[in-house]
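In: No letters, just coordinates:
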Ligand code: GLA
């Protein structure tokens, strides 16, 4: 059964009704731009053909019910109150609902929502951002609110920062919202400008998920965030008028770096040079020079490993063997780091046999195979069904 059918079935079972509207939003892969988003630099990502589905129906009574596989129905009376414990997953759609109310959505009564996902969780593919964007599209359709996808990305990120309480940048929401088949999404995180760069249909993105996760991953993420902010503060004390690391070129950075503590200096160097790499990748892709662009993905990984120090042995190993494989244009850790997945951008000559040989080398070294996923670059958040009528077909290996 496809994810869409499962969703409808569950909606019927739990709520004895049909959703008024069904929306989907894709998971995302960070292609290049590691920890550049909250430093107000730029980043490039790809939406992938794995989706979160949200079915929604408005109801008269002011009660909000949520159902997702593996969870009991969560019932909320006050839509502005944050949930905790096992119910905390509903903070993603609830946070988005509140962000949209601030942008003009007129609440009336309550709603019922069912969620189904084929975005593997824990692989760094941002299933939470996909849930936020699918919910945002569904709310807008059901409540008649017209907002552009860029505004939905911004509203969803606001929900994640303020309602859920995660200090992430705009990458995940921006890519899940504005993804386009055969294209990568470029985000200027200072101006909040989203654009697409043509990639071509013959490339795949592979995910090698190590299933390793540092136990302190959340606090390490915010520690890195704080180290970057500390670099900005130190520079300001020496008279540099900047508000973010994105305002420095690498030569300006080198001229000023002696005022930084060495660890903070390494973090900042990574960010400043990574932002320049993102722009270089963008220029190369715009000229169709995918091979040269791919090389910069390896350079990005080396910088995360040596300067930002958010890689782990398992990811370094994967990236090293991927670099020696035919058809691999680039590979690197993708997302926050400290475990998770490595991504590879590949041409047609990289086949499942090669992917499996990477996995078996990894198993030889670490005793366990990584999970393999071959993904196509896909479209972003959209409505797929209104009042039982299909408005769009979903191309996904899982339906
Ligand atoms: C996570 C965050 C993103 C971004 C990346 C690192 O995926 O959610 O906002 O900061 O880490 O680049």
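Out: Structure received. Source: prediction; values computed, not measured.

In: check which helix or strand covers the closest residue to residue 199 other than its chain neighbours.
Out: Distance criterion C-beta to C-beta, 6 or more residues apart in numbering; nearest residue to residue 199, sequence neighbours excluded, is residue 184 at 5.3 Å. Heads up, the C-betas are built off the backbone N, CA and C, glycines and all. Using DSSP states H and E, residue 184 falls within strand 183-188.

In: Output the contacting helices and strands for that strand.
Out: On a contact count with 3 or more C-beta pairs under 8 Å, 6 or more residues apart in numbering; DSSP states H and E, strand 183-188 meets strand 42-59, helix 171-178, strand 193-198, helix 262-286.

In: Tell me the helix or strand right after the longest one.
Out: In other words, helix 262-286. Taking DSSP H and E, what comes next after helix 262-286 is helix 290-303.

In: Return the residues in contact with residue 263.
Out: Counting by C-beta atoms under 8 Å, 6 or more residues apart in numbering, residue 263 makes contact with residue 227.

In: Distance of it relative to the ligand?
Out: For residue 263, the distance to the ligand equals 18 Å [C-beta to the nearest ligand atom, to the nearest Å].

In: picking that back up, any idea how far the residue nearest to residue 199 is from residue 43?
Out: According to C-beta to C-beta, to the nearest Å, residue 184 stands 10 Å off from residue 43.

In: same check, this time on residue 209
Out: 21 Å.

In: picking that back up, and the strand holding residue 184, which strands flank it?
Out: Sheet partners assigned to strand 183-188 using DSSP bridges are listed as strand 42-59 (antiparallel), strand 193-198 (antiparallel).

In: and that strand with helix 262-286, angle?
Out: Strand 183-188 and helix 262-286 are oriented at 130 degrees to each other (axes from the mean of the first three to the mean of the last three C-alpha atoms, to 10 degrees).

In: who touches strand 183-188?
Out: 31, 37, 42-47, 170-171, 174-175, 178-179, 193-199, 278, 282, 285, 377, 380.

In: tell me, which of those residues make contact with the ligand?
Out: Filtering these for neighbours of the ligand using C-beta under 6 Å from any ligand atom leaves 37, 171.

In: filter the contacts of strand 183-188 to the buried ones?
Out: When these are checked for burial by 16 or more other C-beta atoms under 10 Å, the buried set is 31, 37, 42-47, 170-171, 174-175, 178-179, 194, 196-197, 199, 278, 282, 285, 377, 380.

In: Contact partners for the most centrally placed residue in the chain?
Out: In the chain, the C-alpha nearest the mean C-alpha coordinate belongs to residue 172, at 2.9 Å (C-alpha atoms, centre = their mean). Residues near residue 172 by C-beta under 8 Å, 6+ apart: 28, 45, 126, 128-129, 157.

In: Export the helices and strands packed on strand 183-188 as TSV, with columns for mean pLDDT.
Out: Putting the helices and strands packed on strand 183-188 into TSV (pLDDT from 0 to 100) gives the following:
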stretch	mean pLDDT
strand 42-59	98
helix 171-178	98
strand 193-198	98
helix 262-286	98
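
In: okay if I get those as a markdown table plus distance to residue 16?
Out: What follows is those, written out as a markdown table (distance: least, C-beta to C-beta, whole Å):
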| stretch | distance to residue 16 |
| --- | --- |
| strand 42-59 | 11 |
| helix 171-178 | 31 |
| strand 193-198 | 40 |
| helix 262-286 | 49 |
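
In: Can you tell me which residues in the stretch 201-350 of the chain are near the ligand?
Out: Counting by C-beta under 6 Å from any ligand atom, the stretch 201-350 of the chain comes close to the ligand at 335-336.

In: pLDDT score for residue 399?
Out: Per-residue pLDDT puts residue 399 at 63.

In: hang on, residue 392 is in a strand, isn't it?
Out: No - assigned with DSSP: H, G, I helix; E, B strand; the rest coil, residue 392 falls outside any strand and is coil.

In: How about the contacts made by the closest residue to it other than its chain neighbours?
Out: Excluding the flanking residues, the one nearest residue 392 by C-beta to C-beta, 6+ apart is residue 384, at 4.9 Å. Going by C-beta under 8 Å, 6+ apart, residue 384 touches 4, 22-24, 53, 390-394.

In: between those residues, which is closest to the ligand?
Out: Among these, residue 24 lies closest to the ligand (C-beta to the nearest ligand atom), at 20.0 Å.

In: Quick check: the closest one vs residue 91, distance?
Out: Counting by C-beta to C-beta, the gap from residue 24 to residue 91 is 20 Å.

In: Mind checking which of those two has more residues around it?
Out: residue 24 (30 against 23; other C-beta atoms under 10 Å).

In: For the helix or strand where that one lies, which strands pair with it and how are they oriented?
Out: Assigned by DSSP H and E, residue 24 belongs to strand 21-32. When pairing is defined by DSSP bridges, strand 21-32 lines up against strand 42-59 (antiparallel), strand 382-386 (antiparallel).

In: Can you add distance to residue 353 and give the ones you listed back as CSV?
Out: Below are the strands paired with strand 21-32 laid out as CSV (distance: least, C-beta to C-beta, whole Å):
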stretch, distance to residue 353
strand 42-59, 21
strand 382-386, 34
